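1. Just a sequence and a predicted model for now, questions to come.
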Amino acid sequence: MSTPSAIIWSNNQLQLLDQRVLPTRCEYRQYDDPFAVADAIRAMVVRGAPAIGITAAYGILLAAQKLTTSPTSADAWQNALRPARDALANSRPTAVNLFWALERCDQVIAEHGNGDALIPALTKLAVHIHAEDIEINQRIGDFGASLIPADSIVYTHCNAGALATGGYGTALGVIRSAHRDGKIRGVFAGETRPWLQGARLTSWELMQDDIPVTLAIEGAAAHLMREHKPSWVIVGADRVAANGDAANKIGTYNLAIIAKHHGVKVMVAAPTSTFDALLDGPQIPIEQRPADEITHSFGQRVAPENVLTNNPAFDVTPAQLIDAIVTEYGIIHQPDRAKVIAHLNSNKRK
Ligand SMILES: CSC[C@H]1O[C@H](OP(=O)(O)O)[C@H](O)[C@@H]1O
């Protein structure tokens with residue numbers, strides 16, 4: 001596995017691989033301030049639901065480290081960390097892993113806030129979430145690969161790879177495991193406007209692992225599915241709702257409709273930390289991103305001044321269009337509310 005880690009914690013400092021300049025430049029940015037970490041999430045220095053969650057946990061740890069006086073109770077710690085927590089929580093709204101990680105930090109503060117053991121406990125949590133994510137993705141990869149027929153062409157969208165997670169990836173974890181098992185003939189990667197995660201990140205990751213990848217524009221998806229008949233569309237998720245609907249990068253819903261028309265199956269690969277049992281798909285908050293992401297291309301204006309824009313970063317694919325949701329605990333075939341809730345209830349994450 002040769003993709004560099006998106007996140008490095010060393011010497012009580014956080015390093016984030018600046019994914020805005022990949023693949024032409026591979027540069028890490030140093031962080032010791034939680035508000036700068038929140039800005040890095042919003043600016044997509046680091047992106048991808050699990051990676052955002054891991055980064056948020058390190059952000060809370062940085063906030064605790066920066067406090068000049070050590071609170072003496074859990075409530076005092078919560079109050080002292082509230083501004084940093086709010087900044088992190090307000091950085092991006094859709095990836096539920098962010099809020100899952102912040103809540104896990106809240107639990108640690110409640111348990112360890114009345115002594116001087118809190119910073120070691122927050123460090124242990126953040127490092128654990130980070131390391132655990134890699135192992136979770138390998139399990140997701142192996143479960144997902146078990147669904148891939150031999151000699152498959154598959155189609156993926158955006159980047160749900162090592163760069164979007166603690167390592168190995170979710171959708172790309174499935175592709176890595178299937179390739180390891182000799183099942184992958186080729187991968188189509190949709191470029192994924194406007195951030196081009198497919199062009200810049202997924203194709204880069206797969207080429208580094210010698211996995212045969214072909215880059216295409218999203219508009220070619222229907223043509224490619226008709227001409228090349230991929231066995232699966234394999235994507236990640238930013239939030240899987242209680243009814244089995246899944247929020248993912250904008251364009252995923254399009255792909256699911258096209259796949260249904262062409263008899264191509266759709267797989268969503270996501271850890272249970274991406275599940276939100278408190279709402280259904282229509283209630284998932286969809287991030288609206290700045291207009292200049294679509295009126296400009298790498299700094300060059302490509303649309304008229306004052307043109308109206310609509311730039312949702314995600315869409316929601318209904319469960320009816322998803323053939324399998326793959327988690328670290330197994331496969332939810334033909335997902336619906338009952339199956340999702342049963343899967344979560346029988347697999348409580350520690
Ligand atoms: C493994 S989750 C990756 C998920 O996050 C991406 O969005 P963004 O690049 O805006 O953070 C995309 O939805 C991926 O599927």
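-> The structure has been received and is ready for your questions.
2. next one: the worst-scoring helix or strand of the chain on mean pLDDT to chain centre, how far?
-> One helix or strand of the chain scores below all others by mean pLDDT, DSSP states H and E: strand 296-297, with a mean of 94. Chain-centre distance of strand 296-297: 24 Å, with CA atoms, centre = their mean, to the nearest Å.
3. just checking, what packs against it?
-> If contacts are counted by 3 or more CB pairs under 8 Å, 6 or more residues apart in numbering; DSSP states H and E, strand 296-297 sits against no helix or strand. C-betas here are computed from N, CA, C, even on glycine.
4. List the contacts of it.
-> For strand 296-297, the surrounding residues in contact (CB atoms under 8 Å, 6 or more residues apart in numbering) are 194, 302, 303.
5. For the closest residue in space to the second one that isn't next to it in sequence, give the beta-bridge partners.
-> I take that to be residue 302. In space, and not counting its chain neighbours, residue 302 is closest to residue 296: 6.3 Å by CB to CB, 6 or more residues apart in numbering. Counting by DSSP bridges, residue 296 forms beta bridges with residue 301.
6. can you count the residues close to residue 296?
-> 14 (other CB atoms under 10 Å).
7. now do residue 120
-> Neighbour number of residue 120 under other CB under 10 Å is 10.
8. Residue 225 now?
-> 21.
9. One more: residue 263?
-> 9.
10. so what's the residue lying closest to it once chain neighbours are set aside up against?
-> Closest residue to residue 263 apart from its sequence neighbours, by CB to CB, 6+ apart: residue 229 at 7.9 Å. Residue 229 makes contact with 153, 262, 263, 264 under the criterion CB under 8 Å, 6+ apart.
11. ok, for the residue of the stretch 251-350 of the chain found nearest the ligand, nearest residue in space, not its chain neighbours?
-> Distances between the stretch 251-350 of the chain and the ligand by CB to the nearest ligand atom are smallest at residue 313, namely 5.2 Å. In this structure, residue 313 finds its nearest non-sequential neighbour in residue 287, 4.3 Å apart by CB to CB, 6+ apart.
12. The residue nearest to residue 165 when sequence neighbours are not counted and residue 39: what is the separation?
-> Distance criterion CB to CB, 6+ apart; nearest residue to residue 165, sequence neighbours excluded, is residue 50 at 4.1 Å. Distance, residue 50 to residue 39, using CB to CB, to the nearest Å: 20 Å.
13. Between the two, which is the more surrounded one?
-> residue 50 (33 against 14).
14. show me what contacts the residue lying farthest from the centre of the chain?
-> Most distant from the centre of the chain: residue 72, at 35.6 Å, with distances by CA atoms, centre = their mean. Neighbour list for residue 72: residue 114 [criterion: CB under 8 Å, 6+ apart].
15. can you rerun that using 10 Å?
-> If you count contacts by CB atoms under 10 Å, 6 or more residues apart in numbering, residue 72 has them with 113, 114, 115, 116.
16. Those also near the ligand: which ones?
-> Among these, no residue lies close to the ligand (CB under 6 Å from any ligand atom).
17. Tell me which stretches of the stretch 51-200 of the chain form helices.
-> Assigned by DSSP state H, counting those that start in this stretch, the stretch 51-200 of the chain shows helices spanning 74-89, 96-112, 118-145, 171-180, 197.
18. Of the contacts of residue 72, keep whichever come out buried.
-> Buried members of the contacts of residue 72, scored by 16 or more other CB atoms under 10 Å, are 113, 114.
19. Among the contacts of residue 229, which one is most surrounded by other residues?
-> residue 264 (24 neighbours).
20. Is it correct that that residue is in contact with residue 227?
-> No - counting by CB atoms under 10 Å, residue 264 stays clear of residue 227, with 12.0 Å between them.
21. hang on, the earlier thing: now do the SS call for the residue nearest to residue 165.
-> helix (DSSP: H, G, I helix; E, B strand; the rest coil).
22. OK, contacts around it?
-> 6-7, 95, 97-98, 100-101, 129-130, 133-134, 136-137, 160, 164-167, 169-170, 236, 238, 270-271, 273-274.
23. which of the residues you listed are close to the ligand?
-> Near the ligand, by the rule CB under 6 Å from any ligand atom, you find 160, 164, 165, 170, 236, 238 out of the contacts of residue 50.
24. Just give me the neighbour total for the third one.
-> So that's residue 165. Counted with other CB under 10 Å, residue 165 comes out at 33.
25. got it, and the second one?
-> By the criterion of other CB under 10 Å, residue 164 has 29 neighbours.
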